[in-house]
Every structure is written in C-alpha cells, then in structure tokens.
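Trainee: take a look and give me a structure for this.
(chains A and B)
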Protein chains: 2
Amino acid sequence: MSKTLGIGLAGFGTVGTGVWETLERNGELITSRSEVRAAVKRIAVRDISKPRLKSVPTDLFTPDWEQVVADDTVDIVIELIGGTTTAFDIVAAALQAKKPVVTGNKALLAERGRELFALSREMNTPIYFEAAVAGGIPIIKAVQDSYVGNRIQSMVGVINGTSNYILERMTDAGYGYEEALAEAQQLGYAEADPTLDVNGWDAAHKAILLATLAYGFIIDADKIYVRGIERVRAIDINFAKQLGFVVKLLCVVHEHPDGTIELRTQPSFIPQSHVLSSVNGVFNAVAVRGDTAGESLFYGRGAGKDPTASSVVADIVAACHNKTYDNSHQGFLPYKDTGNIMDIEDTETPYYVRFDVNDEPGVIAKIATALADAGIGVAGTHSPVNAEEPDADFVDMVFQLHTCKFGLLKKTLKNLESLSCVNSRPVVFRIENLG
Amino acid sequence: MSKTLGIGLAGFGTVGTGVWETLERNGELITSRSEVRAAVKRIAVRDISKPRLKSVPTDLFTPDWEQVVADDTVDIVIELIGGTTTAFDIVAAALQAKKPVVTGNKALLAERGRELFALSREMNTPIYFEAAVAGGIPIIKAVQDSYVGNRIQSMVGVINGTSNYILERMTDAGYGYEEALAEAQQLGYAEADPTLDVNGWDAAHKAILLATLAYGFIIDADKIYVRGIERVRAIDINFAKQLGFVVKLLCVVHEHPDGTIELRTQPSFIPQSHVLSSVNGVFNAVAVRGDTAGESLFYGRGAGKDPTASSVVADIVAACHNKTYDNSHQGFLPYKDTGNIMDIEDTETPYYVRFDVNDEPGVIAKIATALADAGIGVAGTHSPVNAEEPDADFVDMVFQLHTCKFGLLKKTLKNLESLSCVNSRPVVFRIENLG
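Mentor: Numbering: from 1, shown residues only, chains lettered A, B, ... in the order given. This is a model prediction of the structure:
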C-alpha cells in the first residue's frame, strides 16, 4: 500500500540534519505506522562545499532552491532556512507549484502569513507548521484538530527557551542579565545574535500563530504588545522570589466574552505554586483552556535538532497522507477576515510596581494617595532598607496593586514620575491570574 | 464547501449529552474551522421514556441500536454505551456497514481489539478512540500522529482519576482507603461499583491502548501485570511522605533496547519532586519519551462529560474529513502481528518493602542477611517505634532496596515470610525511576 513521496529540503542546518537522521533512523517504523515512505530527493544549501553528514549522497545538494522546488521528484517542500525573504520566495514558489509546504519558520508565518495563507487557499495546497511553535510539543495539532470542538478561552505559554534559561539563571544563580546571557551563549542556548529571543519577538511570533489557529484570523504583528527580558533586573527577580512569584517571559492569549482577543508577550510574575513556574531551561509549556476540554498543559522540549525534527517529520507524514487525495486541503486556513485585538491599555491584571524613591518622610503617603485618587487598590507594600547600602538616601519601594486597566496604571505612574521624590521611571511587572 | 455528515449515537448518558451540547454550542465554530458539519440523526437509548435534554427532538430516539447503524442518514457511528458485549456488536455492525466508528470504550478495545481492528482493516473503515484514554487530553493523536517519527521509549501515566482522588485524600486528609472511597463516591468521583477503577484495570486498559498505538501490535490483557489500590494502607502512604515520595496508581510502558515491552499498572512510589506527583484529583497526565522529541508531558482533565465530549467531537471531525475520501483509512491499524511483553518477574526497579516483625533482637540482621545473600542491595532502613503503641511487641520495619529483578525480590521475600519473626506477607511498592 505504501507510496514513496519525494521530499525537497531548503536548508540543511541543525534541523534539516535532524530531519534526515530521523527519516534514516526511523524510516521503516514511520512507514509501518503510516504507510508513508518519505525520501529526500533534493537539498538546497547556501554553501555546497561545506562538509555534511556522510550518509547524504552529495548529488542531492544544490545551491539553487529553485531547483528543489522545480524538481519533478519533489512532492513536498520543507523550508528550513529561516528569515522572511528568501524563505518567503521558497514557500510561495512551492505553493504555486502545488507542492505542500512544511516549515518551522514562525517569523515568516507571523509576519507574512496573510500573503502565504491566501496563496495556500488559492492553490489549494496546505502549509504545515507544527515545528514553528514549541519544538517537539504537538501544540499546533492539538489546537487545530484536537480542540476543534472547543472555544479556546486562553493559552498561556512559556515558549522561548533562551529567555527562560536566562531568567532561570538570574533566579537560581543570582546572575545579572548580561552574565546569564553570556552563559547561555557559551552553552549554545542563545545565538550569537540573541535579539529576537530576548526582545520577546520569537515568543510573540509563536503566540500570533497560536492565536490565529484558535481564532481563525490573521493577526498583524504590529498590533500586539511585546516586551522582552533585556531590562529585567536582579532586584525584581529577588523581590519576586520573596513575594512567592517567579519571573517568566509569558505569552498570554485570552478570548474575552465579547470576542476581543487579548494578546501580549512580556516578563510577568507568576505564582511559584503554578505549574508553569517550574518550566525550566530549554523546556516549553503551553497551558490551554477550552470551554469543552477544560484546562490542559502541554510540556516538552521547545527547540533543538531532534525535537524540532520530530515535528517536521510528523508534518511530512500528514502532508504525504493528504497529498494522496487530490483537491484536499486539511491544513490550516484562516476562516475569518478579521477580529478584534484588545488595546493593551484596556487589559487588566494585578501589578508589581517598584519605585526608586528618596528616603524622606511622606513618600509612601504621596504614592499611596496618587494610587487611591486613581482608584487603584494597593494589595501590599514592601520597602526594605537597601541591604547593601543601609545609609543610602534612596530606597526601593514595592507596591503590589490590585487589578486595574494597564492604561490607567500607566497614566497614574506617569504623574508620579514628576514627583521630586521619585527618582526614575517605576518598574512594572504584571502579576498573572493563572486560574 | 462544507458537507453535512450524519452522526448516529449509541448511548446518551453523560458523554452523549456532552457531545450533543458541544455540537449545539460550537457547531458553527467547528464548521468554520474544519468545513465539517456534523448533525446527529439518530440516538439509541435503553429507556426511551426517560426525560432527556429538551433541545433533542424526541423522534431521534430509538430503543434499537440496529436502527441507528442501519439508518441511511447516519454516516458515522458513535459508541458510548460502555461494556464489551452490546458495544462490541454495535461497533462490529457499524464497521460491517462501512461506517467509521468513534468510541471512548477502553475496555472494549483493550479486551476485543484484536477482532475489531481486524474487521476495521477488512472493511477499510477506521475506529477512532481519542476519548478512550485520558478524557480531554489528546494523547492518542499525539502518540499516533505527532510522534510518528519517534521510537517511543516510555509512557508513564496517571490515568485513573478515581484512584488518584482516593490516594490523594489518603495522603492529604489522612483518610483510610474505605473512607476515601466513600467520599469519592459521595462526590461522584467514583461509581457505585468502583471495581474497574480501584482494581487498576481501567488504567491498564488505557495503557494497553497506548502501547498498542506505540508498538503496533495487539496486546492481550491477560498477559500484563495489574494491581489496584484496594490494599494500599495509610501506613505506607505516610512512610512514602516521610521518605520524599508520593503514592500514585501508575501505568508504566517502556520499550527495552531489545524491543521487549515492559507494561504494568500498580500503585508506585514516585519522588515528590517529579511533576507527576502533583497530578491531583480528577486530572490525568502522561509523560512520553520519544527518541526524537525527547520528554513531553500531557496534562488535563481525564474524565467527565465535557472533556470526554471534546475528544469525541475531535474524532467526529477527523472521521468526517477522512470519510470524504473513499478508500482511505487514516485511523489506527496494528502493523505488527506480535511483540514481546516482558515477564513481570524480569522487570527491575528499586523497591520499598515494609515488614511487620516481632520486636526482638536480631530481626534486622536476619532480613538484611537474606537480602544480602540474594544479592539485593539495601539503600536504607527505617524502623520507627509504632507511635500509637510504643510498647507493642511488633513493629513495622521499612527497607528501601536498590534495583533488582522483581522475580528475585518475590522469591527472597517468600523465604523471609517463613521466618518466625516476620508476621505477615511483606508489603512491596516499586520506587519508580522517572529519569
């Protein structure tokens, strides 16, 4: 019964190598299970002279991705080069040629999904992207297929391993940000250029994809709120610990009763007792709440050669299955033209706010009065003497605030900044209500 | 594009009602997402006079399941009556009629899967069973589809909510087994007849299905090792706590390097630090380790109306999709005739063993000598004075043992039982190596 389908790879870096090795190691098993036999027929690489895996016949390689897409023996195109320019051209060309695409490129789909999904629809040719979110965790299939009968009420994820590792080391080893980043780079957990990881955008791209799957419309990346971990300081990590929280780079996707979608990525305080607080190192986790299934959690390796290859191979098998039936499109397609993304100023959580103030009489009263005047409730205050400099004439003062709109908080803090006793812009973290 | 498919329900209890409500509540959303429109056309119930959901037209009901299967407007049959006799007839009749089946009946598939999957193959008509394992958690789809490129090295699950609740109450509230069971029944977490839940077989049926999915062969239920929680006593729960463990009813599926499958269900000690130890109440969790994806964990609601309905509805959509393409069989089919299940005597873990001994000189020496003679290493001993009866002439003595074969342990303990200072059969728990 089994039919061999030809695979074309664009890119043969870490993940591409993992895909080859997985097909080589477990190919027979995959065929037994799925009746799919996938054979790599052509591989586009930038530098054809670079030494590669010995088991790959050298005549598979070409420096020209167009040859891969055009190759008659290639039925399915796997895009693994990253970026949003050449990768876009490859995916578009494959769809034009009616060759299903498998990709792990979250930036590409989050930034240019509107064009690519439109082309996918037009050409009736699916794009598979399990590997784009949370590495080896099958969260795309879960949201798309397993929760098809659910209104997705929320998805909360720790889905950037680099940021997670850095925050973990700041928490456990007492490192500063720069020190933790340097260690992560040394260990290979952060790229030489870690920008997209630490500025929150890698996680935000993944959150956009999850939200698009759950709510059916393309979300413009410039409409959402994204903050990274670059300015997280040890002092707040330590306060978090003392107050029973952990700082995590968190993606929050939440459908409000009126259908508005809250979608934001930022370092947040989460309770130490919540299961997401113990997602450490390069692991990822996504907590999903559906109106039918209730709460679920998906946890696993969020990146790396093999976990990502696992998701690519699952997509290859799905693509081969569906390829068998012409005119089928069982991949994802947006089904709504548009939807409402909530203005970040309208989102509500409790907050942690740290003020750097002069150690002078009346400071607490001034801040507390301003908050009270704005109608913002105070859940607690903490103003320890700065342990290292007990006689300093400035002090860090922490306020835990009850739930209020982010816009109101911002406006109120802006006013407080003008007080002479407040030395710098207050530091704000959300305290997440994780049910 | 969307096409309406007719659903026939056999059974309209808790889950059937949940399926109806989900299709009613989220039907439009499901159609938007999947282009599947599923309409319930006929419902078989035992007692047609019993009052049902008002939104269900009464003319859908029939006391005769054969009418449901035979109905021309029914494309897909959902079996939700439970048991292994009439349910078997319904599933077999549906397959004979080339109507795909969706079922949540783990006992049916674990006990009579050999016949049913053979029929499924013969009729080229799939059986879907996401709802059979772990309620709303999409573990079947994960193992079958998402991990198709993985050799599944192990699956360890807490997958019986009733047992889990009872053990949790024994641990946290200090209840005895009978007391905890009574509370679970009062709260609706245990059936009036809880036999299959507390004797381990409900969990074992699920483990059999997971292992069949992962390794491709039908596993005879009488070949596997199953122990329930009925004889778990408070004293061992308390010792577990003192030693840093929690007692959980655990399913362990493990492929050894030689391809032999270890498959067992029993109450086990797991470290308090392991994430499975915090799976409480009616939640389920399955930790999966694949050679490609690495470790993952799936966590969610393991039973109940809505979570189970969520899985049934996902299967309905999958069945409708595949139904669109004739001659396709994208459901599961065994792909190996047979495989090796490891003899339970050959399985190896560390152990906790509690002896009820006379409080007389030389007892520890006798036991320790017998263990040493058998080559079984002792990791630690604990022999507290029985707190309630400090002058009692018997005492509970706990040995933590290093890894050895279960058969060797059994034989050694059998010999020890004959010592006059050992008063009753020693109590054994495995201490699971959860990596």
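Trainee: residue A:133 reaches residue A:155, doesn't it?
Mentor: No - assessed by Cβ atoms under 8 Å, residue A:133 is found out of contact with residue A:155, at 10.2 Å. C-beta: built from backbone N, CA, C; applies to glycine.
Trainee: which stretches of the stretch 1-150 of chain A form helices?
Mentor: Per DSSP state H, counting those that start in this stretch, the stretch 1-150 of chain A carries helices over the ranges A:14-34, A:65-70, A:86-96, A:106-122, A:139-141.
Trainee: among those, which is nearest chain B?
Mentor: helix A:14-34 (4.4 Å; Cβ to the nearest Cβ).
Trainee: identify all contacting residues around the closest one.
Mentor: Residues from elsewhere that reach helix A:14-34 (Cβ atoms under 8 Å, 6 or more residues apart in numbering or on different chains): A:2, A:7, A:9, A:12, A:36-40, A:43, A:52-53, A:55-56, A:78, A:80, A:104, A:131, A:304-306, A:308-310, A:312-313, A:316-317, A:320-321, B:144, B:148-151, B:216, B:291-292, B:335-336.
Trainee: go on, stretch A:58-68?
Mentor: Outside stretch A:58-68, the residues touching it (Cβ under 8 Å, 6+ apart) are A:8-10, A:12, A:40-48, A:52, A:74, A:77, A:81, A:86, A:89-90, A:93.
Trainee: re earlier: which one of the helices of the stretch 1-150 of chain A is the most hemmed in?
Mentor: Greatest average neighbour count among those goes to helix A:139-141 (a mean of 25), per mean count of other Cβ atoms under 10 Å in any protein chain shown.
Trainee: thinking in terms of the whole chain, how far from its middle is it?
Mentor: Taking Cα atoms, centre = their mean, to the nearest Å, one finds the center of helix A:139-141 at 13 Å from the center of the full chain.
Trainee: which is the succeeding secondary structure element to that helix?
Mentor: Counting by DSSP states H and E, the next helix or strand C-terminal to helix A:139-141 is strand A:152-158.
Trainee: may I see the PyMOL selection of the buried members of the contacts of helix A:14-34?
Mentor: One line in PyMOL is enough to select the buried members of those, burial here meaning 16 or more other Cβ atoms under 10 Å in any protein chain shown:
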select buried, (chain A and resi 7+9+12+36+38+40+43+52+56+78+80+104+131+304+305+306+308+309+310+312+313+316+317+320+321) or (chain B and resi 144+148+149+150+151+216+291+292)
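Trainee: show me chain A divided up by domain.
Mentor: Per automatic domain parsing, the structural domains of chain A span A:3-135+A:305-323, A:139-300, A:344-431.
Trainee: would you pull up the residue in the stretch 301-435 of chain A closest to chain B?
Mentor: Counting by Cβ to the nearest Cβ, the stretch 301-435 of chain A gets nearest chain B through residue A:313, at 3.2 Å.
Trainee: excluding covalently adjacent residues, which one is nearest to residue A:224?
Mentor: residue A:263 (5.0 Å; Cβ to Cβ, 6 or more residues apart in numbering or on different chains).
Trainee: what bridges to that neighbour?
Mentor: residue A:253 (DSSP bridges).
Trainee: do I have it right that it meets residue A:206?
Mentor: No - with contacts counted by Cβ under 8 Å, residue A:263 stays clear of residue A:206, the gap being 11.5 Å.
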